[in-house]
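Enquirer: the sequence and its predicted three-dimensional model are supplied below.
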Amino acid sequence: MRYIPSEIEPKWRQYWIDNDTYKTIESSDKPKFYVLDMFPYPSGAGLHVGHPLGYVASDIYARFMRLQGYNVLHPMGYDSFGLPAEEYAQKMGVHPAASTDKNIIQYRAQLDKLGLSFDWSRQVKTSDPSYYKWTQKLFIDFFEHYYDVKEDKAMPLSNLIEYFDQNGSLDHSAFCSDFEDFTASEWKSMSKKEQADILMCCRLAFRQYRTVNWCEALGTVLSNDEVKDGVSERGGHPVRQMKMEQWMLRITAYAERLLQGLEEVDFSSSLKAIQRNWIGKSEGANIRFAVENHSDEIEVFTTRPDTIYGTTFMVIAPEHPLVESITSNEQKAAIEEYKNYVATRSERDRIADVDSVTGAFTGAYCINPISRERLPIWISEYVLAGYGTGAIMAVPGGDARDLKFAKHFDLPIVQVVDQSDHPDADMGDKVGLMINSKELDGLKVKAAIKKAIYLLQESGAGKKTTSYRLHDASIARQRYWGEPIPIWYDDENIAHAVPFEELPLELPEIDDFNPKFSMKSPVANNQEWVHPSPGVRRETDTMPGNAGSSWYFLRYMDPNNPDGIASQDAINYWQDVDLYVGGAEHATGHLLYARMWHMFLYDKGIVPTQEPFKRLVNQGMIQGVIEYMYLLKDKTEGRSHFICTKHCEAKGISKEDISAIPVPVSFMEAYGTDESYISVNGFKQFIAWMPSYKDSIFECGKGIFDAKTEVFTPHDDATDAYLITRSEIGKMSKRYHNVINPDDVVAEYGSDAFRMYEMFIGPIEQAKPWNTNGIEGVLRCLRRIWGLFYDNNEQLILNDSKPSKDDMKALHTLIRDVKKGIETFSHNTCVSDIMIATNALRTQKCSSREVLEPLTVVLSPFAPHLAEELWQILGHNTSVTQASFPEFDESWLKEDSVTYPVSINGKRRAEIQYPIDKPKAEIEAEILSFDSIQKYIEGKEIKRIIVVPKRMINIVVA
RNA sequence: GCCGAAGUGGCGGAACUGGUAGACGCGCUGGAUUCAAAAUCCAGUUCCUUCGGGAGUGCGGGUUCGAUUCCCGCCUUCGGUACCA
């Protein structure tokens, strides 16, 4: 028998299906272990070689934990709502459900070829009504809860209503948006609508006029994490800030817990840093400044209340609610003009342009509550409406931006911190001594902050405050392909939850996916659905993708439960995710939302742990090589002219005269190497693919290919063209035509070799370009393992002879190293360890069952198909997945002697063998007498001899 | 700018807690087998060298008998973030 992956792999895949090998059941006396991959969106592009990296890594872990005696939950499903399916529907008229299902079938076929040990009976699909029924239920739960600051958890809204009934709003503990205070009797006499409006300010899922990111091209609002550099993350369309009434999720209520929770989870430090950054906690004080001749006060947030004596002016955001009322008549025109200017500035402009200083004076003044000084009030776009209170006290002596502003508008500057003892300190650093600050003078900055807060609280002008950068998240999209928000409005426009019995509230059938009504979901196109009965108007917005993916890991625990998100027994058994593998791109989106939803469910007593994911491993992106062919911008006699990069250089053609056209990498010769090029064959494929170039000329050092005649005219005796492209490492994407499909690699080398190779190319977290340079080596290793069982004549050489000590040593080194490697997620070294063991056993001619049987088990997480085959050859009639990971026995690794490296002054000069337990003193006593060492120390003074038992010897000479 | 990660042969990458730098694989060189090739197998492969040695883990210092590993200061690359008060 020979090792032929294309024969054994399909066989075992079928075996796993026929035998339900990976089916997991809860009732078990084994400890649980939950291994989860991030939820994929089934895009039409399918998998590329980057996706399996995480899937294979987690699969290896899951298989290993099974062998270690754990009951492992390892599911997979689809985050199947989303924009691409809807865009496809708009273009092609295909219902998103249909195209999504088609994509899922393709995805599944690709995943199946990787030999992953998923329990497919638990598959979930977010677009399935039986699934989104519970997403909607959770939305309603958010809607019907508020966050209680005193209890520090979510509480039913009924508790708050009861409180209002008895006490009015006095000292209420709801985390809420602003509303006017009221007494209990005022509350009772309010209209239903008035009460509803106040309650809406407190709900965890709430509707409010807020500034949102509106993306015209996508026809929807986006949350902050979906906007990057002022444009939509998906598609790169412009986004503008708009006031709109929107459903929001009060994630800010959980800001502190989301921050604290990071302490207890095992995520990479960079991921934690990204989340901390995004939450953006800063501690300081809120200070109220009375506006002169005006009843209003301006509240500012500052982290440096110590610098209050250095405040020389105030700046408020152009969008600040007080701007209009405080502006003096003389300044009205200037303020209007400035506000108009700000309105023309896109998010992108503001990001790009950080240097210019702009602003306008309101004509109003306020009073510094501590120094009683009179301060002019300005507006400027450098103060953001959405952070803190949207207003600052400007301290040009202590803040770089304030200083720039003061200089530009010629405002006074007062130094309040003496940093002369800290030459390296920045003006923002909290070091130095206070000056020009009356009662704070002479204090160190940190002490002065404390004292200033004390003074402010004494005088009632301010209080200690913590501010977060995190914003409440928009949870509504004006799109079709998402969960309908389960809300209806009555005639008074009061929002009500759709009764539980009516869930799932299914998406209406529509035939036109183009939004007809401005800023509304295409769902609104179906008026019968929107108005199911008189006096009832349904919400037409749908939920964003992160809704369904914020809790899917719980559904896997009990995927078909009709009575809840999962049975309480299942949740109590599986608890939380022990290992979560996925990309770091979800750091500020999915991972933050999922943690928040989980905390909410914890508050409700449904889940037993606060954090959903104990350990998170981010796999790095597998990059592709992008191949560009140079095209001259000016046509040659009316024909497109492609030219070799080398030739282009030689001719001295400037970069400005050429455009780079990405070429599908399948047209390349020697793709993945430094010498990649295109031959005549490639030109032919290229013009067939892009018929608009069928008249082109292709020029390279070897000659010229005329696409019109398909004739290659060589310069000399060349037989083929050799057009060198520009190769760049970048994203693997359809756009660059450089996607490598795992199916093709599997077809050529087999699934096991592919799995092992993906692991072998480097640490899982690291980004690396795809190439197949080393895959032959992995395949060779698998063949050699096979070769331990069968000789070159295909005769079985497996036997029951006693293995040698060296054989056992190789085996146990392997057991130890692979176990450790998997646990620390260094799957790359595990593959090396397998190669080392294989090579050793091969040179030692070991085909002993006593060694090969445990070896097969160790191999099985990495190369499951081959391992099953070998396991059968070993005489088993059960799956190798039911075996136990072999116990490591250290006694096999014990050596009788050690080869000590001997260094003279740190340079290795000789090697000396000693018995393992030779006392240190004895070595020290005799080491100098060896000839091999004598020659290095002759005539020199011995200063010291260092002997580290079992490690090394170092002799220090003068 | 700030935060985070990383920088090791021709290439991908190893190296436990400070103890033989370059494991393992690719590539390359030579050899065996073959009519020949592929495949396979064996040997070699950090660089320089006057063959005695010398240098060497981004650069410059430091601690140490000994530093890829610890400390200080830089440089570069990648990721995050961007007037956050």
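Expert: Cool, got the structure.

Enquirer: dump the residue contacts of A:Lys943.
Expert: When contacts are counted by CB atoms under 8 Å, 6 or more residues apart in numbering, A:Lys943 touches A:956-958. C-betas here are computed from N, CA, C, even on glycine.

Enquirer: same list, these, but as TSV with neighbour count and secondary structure please.
Expert: TSV is the format used below for the contacts of A:Lys943 (neighbours: other CB atoms under 10 Å; DSSP: H, G, I helix; E, B strand; the rest coil):
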residue	neighbour count	secondary structure
A:Val956	15	strand
A:Val957	15	strand
A:Ala958	8	coil
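
Enquirer: near RNA strand B, from those?
Expert: Filtering the contacts of A:Lys943 for proximity to RNA strand B by CB under 7 Å from any atom of the strand leaves A:Val956.

Enquirer: got the residues of the stretch 801-950 of chain A near RNA strand B?
Expert: Selection of the stretch 801-950 of chain A residues close to RNA strand B by CB under 7 Å from any atom of the strand yields A:826, A:828-829, A:831-832, A:835-836, A:839, A:842-843, A:899, A:901, A:903, A:905-908, A:911, A:944, A:946, A:948.

Enquirer: not counting its neighbours along the chain, what's nearest A:Asn19?
Expert: A:Ser879 (6.8 Å; CB to CB, 6 or more residues apart in numbering).

Enquirer: related to what we said a few turns ago, next step: the residues of the stretch 801-950 of chain A next to RNA strand B restricted to helices.
Expert: Judged by DSSP state H, those include A:828-829, A:831-832, A:835-836, A:839, A:842-843 as members of helices.

Enquirer: phi, psi for the residue nearest to A:Asn19 please.
Expert: A:Ser879 adopts backbone torsions of phi -70, psi 150, taken as degrees, to the nearest 10.

Enquirer: report the contact partners of whichever residue of the stretch 651-800 of chain A sits closest to RNA strand B.
Expert: Of all residues in the stretch 651-800 of chain A, A:Gly777 sits closest to RNA strand B, at 2.3 Å by CB to the nearest atom of the strand. Neighbouring residues of A:Gly777 by CB under 8 Å, 6+ apart: A:760, A:835.

Enquirer: where does chain A dip in pLDDT?
Expert: A:348, A:351-352, A:354, A:423-424, A:516-517, A:672-675 (pLDDT under 70).

Enquirer: report how many residues lie close to the closest residue in space to A:Ser567 that isn't next to it in sequence.
Expert: Leaving aside its sequence neighbours, A:Ser567 sits nearest to A:Asp558 (CB to CB, 6+ apart; 4.9 Å). Number of residues near A:Asp558 (other CB atoms under 10 Å) recorded here: 20.

Enquirer: in the host helix or strand of A:Ala98, which residues are buried?
Expert: Secondary structure from DSSP states H and E places A:Ala98 in helix A:96-112. By neighbour count, with 16 or more other CB atoms under 10 Å as the criterion, the buried positions of helix A:96-112 are A:96-97, A:99-101, A:103-104, A:107, A:110-112.

Enquirer: phi, psi of A:Cys202?
Expert: phi -110, psi -20.

Enquirer: report the contact partners of it.
Expert: A:146, A:157, A:160, A:174-177.

Enquirer: go again with 6 Å.
Expert: Counting by CB atoms under 6 Å, 6 or more residues apart in numbering, A:Cys202 touches A:146, A:160, A:174, A:176.

Enquirer: please name the bridge partners of the third one.
Expert: Counting by DSSP bridges, A:Ala174 forms beta bridges with A:Asp148.

Enquirer: just give me the neighbour total for it.
Expert: A:Ala174 has 24 neighbours, counted by other CB under 10 Å.

Enquirer: hang on, it packs against A:His145?
Expert: No. Contact criterion CB atoms under 6 Å: A:Ala174 and A:His145 do not qualify, at 10.3 Å.

Enquirer: so what sits against both of the two?
Expert: Common neighbours of A:Ala174 and A:His145, using CB under 6 Å, 6+ apart, do not exist here.

Enquirer: which strands and helices lie in contact with the top helix by length along chain A?
Expert: If you go by DSSP H, chain A has its longest helix at helix A:805-823. Packing partners of helix A:805-823 (3 or more CB pairs under 6 Å, 6 or more residues apart in numbering; DSSP states H and E): helix A:827-843, helix A:849-859.

Enquirer: export these to TSV and append columns for mean neighbour count and distance to A:Pro508.
Expert: Listed next are the helices and strands packed on helix A:805-823 as TSV, based on neighbours: other CB atoms under 10 Å; distance: least, CB to CB, whole Å:
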stretch	mean neighbour count	distance to A:Pro508
helix A:827-843	20	47
helix A:849-859	22	53
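
Enquirer: hmm, back to that, the residue nearest to A:Asn19 and A:Tyr22 touch, don't they?
Expert: No. Contact criterion CB under 6 Å: A:Ser879 and A:Tyr22 do not qualify, at 9.7 Å.

Enquirer: what bridges to whichever residue of the stretch 101-250 of chain A sits closest to RNA strand B?
Expert: For the stretch 101-250 of chain A and RNA strand B, the shortest gap (CB to the nearest atom of the strand) falls at A:Lys228, measuring 5.4 Å. Beta bridges link A:Lys228 to A:Val231, judged by DSSP bridges.

Enquirer: same question for A:Pro769.
Expert: Beta bridges link A:Pro769 to A:Gln623 when assigned by DSSP bridges.

Enquirer: next, count neighbours for A:Glu283.
Expert: Neighbourhood size, A:Glu283 [other CB under 10 Å]: 11.

Enquirer: go on, A:Pro31?
Expert: Per other CB under 10 Å, the neighbour tally for A:Pro31 reads 11.

Enquirer: now the one 3 residues further on
Expert: When counting by other CB under 10 Å, one arrives at 27 neighbours for A:Tyr34.

Enquirer: surely it touches A:Leu73?
Expert: Yes. Using CB under 6 Å, A:Tyr34 is in contact with A:Leu73, at 4.6 Å.

Enquirer: thinking again about what came up before, mind checking the SS state of the residue of the stretch 651-800 of chain A closest to RNA strand B?
Expert: Assigned by DSSP: H, G, I helix; E, B strand; the rest coil, the conformation of A:Gly777 is helix.

Enquirer: contacting residues around the closest residue to A:Leu384 other than its chain neighbours?
Expert: In space, A:Leu384 comes closest to A:Ala317 once its chain neighbours are excluded; the distance is 6.1 Å by CB to CB, 6+ apart. Applying CB under 6 Å, 6+ apart to A:Ala317 gives the contacts A:383, A:385, A:390.

Enquirer: out of the residues you listed, who has the most neighbours?
Expert: Most neighbours among the contacts of A:Ala317, by other CB under 10 Å: A:Val383, with 25 neighbours.

Enquirer: quick one: contacts for it?
Expert: Applying CB under 6 Å, 6+ apart, the residues near A:Val383 are A:315, A:317, A:392.

Enquirer: how close does the residue of the stretch 1-150 of chain A found nearest RNA strand B sit to A:Tyr107?
Expert: Nearest to RNA strand B in the stretch 1-150 of chain A, going by CB to the nearest atom of the strand, is A:Arg2, at a distance of 10.3 Å. With distances taken as CB to CB, to the nearest Å, A:Arg2 is found 33 Å from A:Tyr107.
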